[in-house]
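# Mind folding the following:
(one chain, ligands or ions: 1)
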Amino acid sequence: MQTFVYNALPSRVIFGQGTLAQLADEVRALGCSRALVLTTEPQKDLGQRLCHLLGDLAVGAFNNATMHTPVDVTEEALQVVVQSSADCLVAIGGGSTIGLSKALALRTDLPQIAIPTTYAGSEATPIIGQTEDGLKTTQRTLKVLPEVIIYDVDLTLSLPADMTVTSGLNAIAHAVEALYSKDANPLISMLAQEGIAAISRALPAIHRDPNDIDARADALFGAWTCGTCLGAVGMSIHHKLCHTLGGSFNLPHAPTHAVILPHAVAYNRAAAPEAMALIARALGTQDAARGLFDLAKQSGAPMTLAELGMTAADIDRATELACASPYWSPRPIEPEGIQELLTNALVGNRP
Ligand code: NAD
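Presented below is the predicted three-dimensional model:
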């Protein structure tokens, strides 16, 4: 018998192709009439498209969402919220834009509609990370969980091939760690397996043809299931390593996930055999860690920390930081093992 505690998260999810057309109705259904659109500079045309779509329901757009949710950018956006008397937030983009929306919701309690265009999964979590004075801190609160998610497969067709692969592997990492989480529960484990299977099916197909709409739909569905896993249960060594490498060595978020994942799974291989079997089955392979390594390689992902800017001289400090206040892990965190893991990831050894 598996004993468990499961907390369901309240959120309305609309999934399909062309679903962006439902945005105005969703704003009205929230009882709102003054939406502020949030996005990044590179996606500002998309933000303008949303303003046109919303017509009188839009009060404007803020186009300066920034990776890792810097507090100074949030404060700048907060002024726009106040000046425009916005009564809801519409975030279109990846984890950075959705992070800004969450930071604003934390401060204002405004309802949010998230429209994800990557596979990072932030839209499905009550987690917010914010950066101030070079330090990123994370908290969990229902205040930041978007009320509505609109998944529109059409919006993901423009995601460049390299980002598609790393973002997809970033999503798979949430599901993988959910399967060996100390909070694992049957519902989330089912979603995790569905997510791994959907994204691992999609990535090689999108690598061959970025406009393959069925593969794009698989990947976006997987992003939702994997994001739901991240929002529901605690993560482990893989996420700890990625936060350390991103925060202290400035390595890019999704590519770092892509490189570390097979090695983090190999680290826990002997300590979590049931989870390993479920991951391998979802991937359609014999061994979870090797299956993830081969999937990354086949899909054109970066395979070494060296190509992301890390050097052998960084390994000792990264090991020390990763072992300080460690997350729970099926295999306890041992410096020698972490050093070996990072060394393998540095050069891209097949686990
Ligand atoms: P991102 O949001 O930084 O996007 C990267 C770039 O790609 C941006 O310039 C963006 O505008 C552009 N882009 C996004 N979608 C596009 C598309 N379809 N076509 C063309 N360009 C597109 O990247 P990300 O990996 O989605 O998010 C990373 C951030 O999200 C990190 O700060 C990470 O910590 C955070 N995150 C938070 C959670 C959470 O639960 N709080 C979960 C996952 C990620």
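# in this structure, which residue is closest to the centre?
When the chain is reduced to its mean C-alpha position, the closest residue under Cα atoms, centre = their mean turns out to be Ala120, at 2.4 Å.
# Next one: Gly300 from His238, what distance?
Using Cβ to Cβ, to the nearest Å, Gly300 is found at 21 Å from His238. In this view, the C-beta of every residue, glycine as well, is placed from N, C-alpha and C.
# which one of these two has more residues nearby?
In this comparison of Gly300 against His238, neighbours counted by other Cβ atoms under 10 Å, the higher total goes to His238 at 25 against 15.
# Contacts only, for that one.
Contacts for His238 (Cβ atoms under 8 Å, 6 or more residues apart in numbering) come out as 173, 176-177, 257, 260-261, 264-265.
# redo that, cut-off 7 Å
173, 177, 260-261, 264 (Cβ atoms under 7 Å, 6 or more residues apart in numbering).
# What of Leu106?
In this structure, Leu106 makes contact with 128, 141, 143-144, judged by Cβ under 7 Å, 6+ apart.
# The helix or strand that contains Leu203 vs the ligand: in contact?
Of the helices and strands defined by DSSP states H and E, Leu203 is found in helix 186-208. No - if you take Cβ under 6 Å from any ligand atom as the test, helix 186-208 misses the ligand, and the best it gets is 12.1 Å.
# Following the chain onward from that helix, which element is next?
helix 213-232.
# Check what contacts that next one and list those residues.
With contacts defined as Cβ under 7 Å, 6+ apart, helix 213-232 is touched by 9, 13, 15, 116, 119, 121-127, 151, 153, 156-157, 168, 171-172, 174-175, 178, 188, 191-192, 194-195, 198-199, 201-202, 205-206.
# Report the buried residues of that helix.
Within helix 213-232, the residues that qualify as buried are 215-232, counting by 16 or more other Cβ atoms under 10 Å.
# Next: stretch 5-24.
In terms of neighbour count (16+ other Cβ under 10 Å), stretch 5-24 has its buried residues at 11, 14, 19-20, 22-24.
# how near is Met196 to Arg331?
Just so we're on the same page, residue 196 is Ile rather than Met. Spatial separation of Ile196 from Arg331 under the definition Cβ to Cβ is 20 Å.
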